[in-house]
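Peer 1: coords please:
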Amino acid sequence: MRMKRGSSQLLIVDVQEKLLPAVVDPEALLAKITFLAKVAKRLNVPITISEHYPQGLGPTAAAIREVAGNAAVTLGKVHFSCMDDEGLKTRFTALKAEGRNQIVVAGMEAHVCVTQTALSLVESGFETYLVADAITSRTSSSCAIAADRLRQAGCVPVATEMVMFEWLEKAGTAEFKDLLGLIR
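Peer 2: Next comes the predicted model:
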């Protein structure tokens, strides 16, 4: 089950300004997620950003909004699972109808919205990839338990660089040269 850029979509779950100070290592999370957004944007992989109750928790972190720009569709939600929100479910399903049945998931909190979303995606027949180094929670133990549970439920654990290299498929292309600077 390799990730293919033409079959993939990137989902960034609830990385909102007001929530960031409460989670483990928010700077590392932002670095990994902006990395993923840059790669997805360069390779024309659709990006969806969810915001949990944005009226109260505010917008997605500015660093992510700046990188993703107009390449991302941002949708608010009140359900913990993105799949329980009609707007997000419609977006994922429409992209799936275009052949994008793989969803690469990153964000927070790992044990709440990320877990419930990823479980729902698996139940709905999506190949679901959990970017294990691009998720976090308020405690490390909650994050680890969530990642373990999701792996057992059928989500494929991956790392940010794995996503980039699988989407690239080969070296020597203009895209490879552009993106190689992100890891040097």
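Peer 1: hey, which helix is longest across this protein?
Peer 2: Identified as the longest helix of the chain according to DSSP state H is helix 26-42.
Peer 1: so which residues of the chain form strands?
Peer 2: Using DSSP state E, the strands of the chain run over 8-13, 47-52, 72-77, 102-108, 127-136, 156-158.
Peer 1: neighbouring contacts of the longest helix of the chain?
Peer 2: Residues from elsewhere that reach helix 26-42 (Cβ atoms under 8 Å, 6 or more residues apart in numbering): 10, 12, 15, 20, 23, 45-47, 61, 63-64, 67-69, 71-72, 104, 106-108, 131, 133-136, 160, 163-164, 167, 175, 178-179, 182. Heads up, the C-betas are built off the backbone N, CA and C, glycines and all.
Peer 1: kindly report the same for stretch 175-184.
Peer 2: 35, 38-39, 42-43, 161, 164, 168, 170.
Peer 1: buried among those? Need that as a selection in PyMOL.
Peer 2: The PyMOL selection below is limited to those of the contacts of stretch 175-184 classed as buried (16 or more other Cβ atoms under 10 Å):
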select buried, resi 35+38+39+42+43+164+168
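Peer 1: and residue 76, how far is that from residue 57?
Peer 2: 10 Å (Cβ to Cβ, to the nearest Å).
Peer 1: ok now do the closest residue to residue 105 other than its chain neighbours, which residues does it touch?
Peer 2: Leaving out its chain neighbours, the residue that sits closest to residue 105 by Cβ to Cβ, 6 or more residues apart in numbering is residue 11, at 5.0 Å. Going by Cβ under 8 Å, 6+ apart, residue 11 touches 48-50, 82, 92, 103-107, 117.
Peer 1: one more pass at 10 Å, please.
Peer 2: 46-50, 82, 88, 91-92, 103-107, 114, 117-118, 121, 126, 128-129, 131 (Cβ atoms under 10 Å, 6 or more residues apart in numbering).
Peer 1: repeat for residue 174
Peer 2: Each residue near residue 174 by Cβ under 10 Å, 6+ apart is listed here: residue 42.
Peer 1: please report how far it lies from residue 128.
Peer 2: The gap separating residue 174 from residue 128 is 30 Å, by Cβ to Cβ.
Peer 1: residue 54 now?
Peer 2: 24 Å.
Peer 1: looking at these two, which is more packed in?
Peer 2: Using other Cβ atoms under 10 Å, the more surrounded residue of residue 54 and residue 128 is residue 128, with 24 against 18.
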